[in-house]
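A.B. asks: With the sequence up front, the predicted model follows.
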Amino acid sequence: MTLDLNNIVANMLHHRQNTIGTGEPISPPIVQASTYKLPAVPEGEYQYGRVSNPTWSAAEQAIALLEDADVVAFPSGMAAISAVLLTTMRPGETLLLPSDGYYVSRLVAQKILAPMGVLIDECPSLEYDSRDFNDYKLVMVETPSNPKLDICDLQAMAAKCQAAGALLMVDNTTMTPLGQRPLDLGADIVVSADTKALNGHSDALFGHVASRNAEFIDGIREWRTISGSIVGAHDAWLVHRGLETLEIRYERMCANAGIIAARLAAHGAVESVVYPGLESHAGHELAKAQMLTFGTILGVTFKDVATAEAFIDGSKYIVAATSFGGVHTSAERRARWGDDVADSYVRLSLGIEPTEALWADMLRSLDAL
Ligand SMILES: Cc1ncc(COP(=O)(O)O)c(C=O)c1O
């Protein structure tokens, strides 16, 4: 079946109108309730606030339409990732993680799973191809990896996992379901930090787990209910609202990333630019084949730390912040968190600013370096 993203987005925008009656609000109400009226025999979808909430349901339904899968929402990306790792991994089983992916996923493995007897293996995304997957229960992939933006072949990884009897979990945070569709490429599980582009406004933490395996999703939902790792109603509402503009925000952000990547690469003050959309990127052909867009994030290396910081500080339309995927262009040197990149490597997350205003501002900063 061919992918019909336009209708996926339109259905997501209109999902609520099929469930409401005359006089009901078009946007989902923020249901701020810990408990619900529940006489005699417990029945109905909403009984107690740790189990379910209508505002979460609205956000989950919208994301489920984007993923074309069942979805369970969590209060952060890490809560979603932890839910999968803690429900799936058992003592004596082995987990493979990217050594160049988001470092907090590795901390969950090292600080929580390893002491429980789970075996942890880490390797760079680019070496997944040559690994033997036979020993693994779960393989986690992040592509493009954060922050180096290396690309891993999802179809090949799904085939390897299937042959080895391992589960493939993809952290799709850097791409969103509009930029890359790991479940369509054979992954078993998608996790995402919706704190980033899905919400997009830098005002809520949120995450989700998506899968087309109903039994697996039941286990994740049960984990949420038992562990109490639940979303606040107001955050769910913010994310629902953010989702409604995701497509147009994402389009502008990707366009800004593509145009500005090429211009930065041609500027004398820049040593190098990493962006999957550039022909110079080692994974460019793979990116073209498996990604629907080239994403919103660039890696920009300057000659030294001072120059990198001066570029960020000198640009009034770049906010110095840790995170990405927001409407405001933002940047930081990832080495400050210990990531395995050059000290002068800046992760630049493109926002929705008008392209030429953004570039004129960056150019002023670059020319002054
Ligand atoms: C790729 C990736 N996955 C997961 C997370 C965790 O998300 P959160 O901060 O919402 O827990 C992040 C956060 O930066 C991330 O970049």
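C.D. replies: That came through, no problem.
A.B. asks: the strands in the stretch 151-300 of the chain, which residues?
C.D. replies: Counting by DSSP state E, counting those that start in this stretch, the segments of the stretch 151-300 of the chain that form strands are 167-171, 189-193, 207-211, 272-274, 297-301.
A.B. asks: Now mean pLDDT and distance to A59 too, for the ones you listed, in a markdown table please.
C.D. replies: (C-beta placed from N, C-alpha, C; glycine too.) Output for the strands of the stretch 151-300 of the chain, formatted as a markdown table (pLDDT from 0 to 100; distance: least, C-beta to C-beta, whole Å):
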| stretch | mean pLDDT | distance to A59 |
| --- | --- | --- |
| strand 167-171 | 98 | 19 |
| strand 189-193 | 98 | 12 |
| strand 207-211 | 98 | 8 |
| strand 272-274 | 98 | 33 |
| strand 297-301 | 98 | 24 |
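A.B. asks: Columns mean neighbour count and distance to the ligand on top of those, output as TSV?
C.D. replies: As requested, these are exported to TSV (neighbours: other C-beta atoms under 10 Å; distance: least, C-beta to the nearest ligand atom, whole Å):
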stretch	mean neighbour count	distance to the ligand
strand 167-171	26	5
strand 189-193	28	3
strand 207-211	27	5
strand 272-274	20	16
strand 297-301	23	10
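A.B. asks: per-domain residue ranges of the protein.
C.D. replies: The chain is divided into the following domains under automatic domain parsing: 5-244, 246-367.
A.B. asks: What is the end-to-end distance of the last one?
C.D. replies: Just to be clear, that refers to domain 246-367. For domain 246-367, the first-to-last residue distance is 33 Å (C-alpha to C-alpha, to the nearest Å).
A.B. asks: Ok, the first one next?
C.D. replies: Domain 5-244 has an end-to-end distance of 14 Å (criterion: C-alpha to C-alpha).
A.B. asks: now it: how far from the chain's centre is it?
C.D. replies: Here domain 5-244 shows a centroid-to-chain-centroid distance of 9 Å under the convention C-alpha atoms, centre = their mean, to the nearest Å.
A.B. asks: Could you check how many residues crowd around the residue of the stretch 1-150 of the chain found nearest the ligand?
C.D. replies: Here the residue of the stretch 1-150 of the chain nearest the ligand is G77; by C-beta to the nearest ligand atom that distance is 2.5 Å. Neighbours of G77 under the rule other C-beta atoms under 10 Å: 24.
A.B. asks: Check what pLDDT it gets.
C.D. replies: G77 is assigned 98 on the pLDDT scale.
A.B. asks: hang on, isn't it packed against A204?
C.D. replies: No: if you go by C-beta atoms under 8 Å, G77 and A204 don't touch, sitting 11.6 Å apart.
A.B. asks: Name the residues contacting each of these two.
C.D. replies: Both G77 and A204 are contacted by T195, under the criterion C-beta atoms under 8 Å, 6 or more residues apart in numbering.
A.B. asks: Next, find the distance separating the closest residue to D184 other than its chain neighbours from L183.
C.D. replies: Distances taken as C-beta to C-beta, 6 or more residues apart in numbering put L3 closest to D184, at 7.0 Å, once the chain neighbours are dropped. For L3, the distance to L183 equals 11 Å [C-beta to C-beta, to the nearest Å].
A.B. asks: With neighbour numbers in mind, choose between those two.
C.D. replies: L183 (22 against 11).
A.B. asks: shouldn't the more buried one be in contact with D70?
C.D. replies: No: if you go by C-beta under 8 Å, L183 and D70 don't touch, sitting 10.5 Å apart.
A.B. asks: which neighbours do those two share?
C.D. replies: What both L183 and D70 touch, as defined by C-beta under 8 Å, 6+ apart, is the set A210, S211, R212.
A.B. asks: Just the local confidence number for the last one, please.
C.D. replies: Put plainly, it is R212. We have a pLDDT of 98 for R212.
A.B. asks: Alright, I will stop here.
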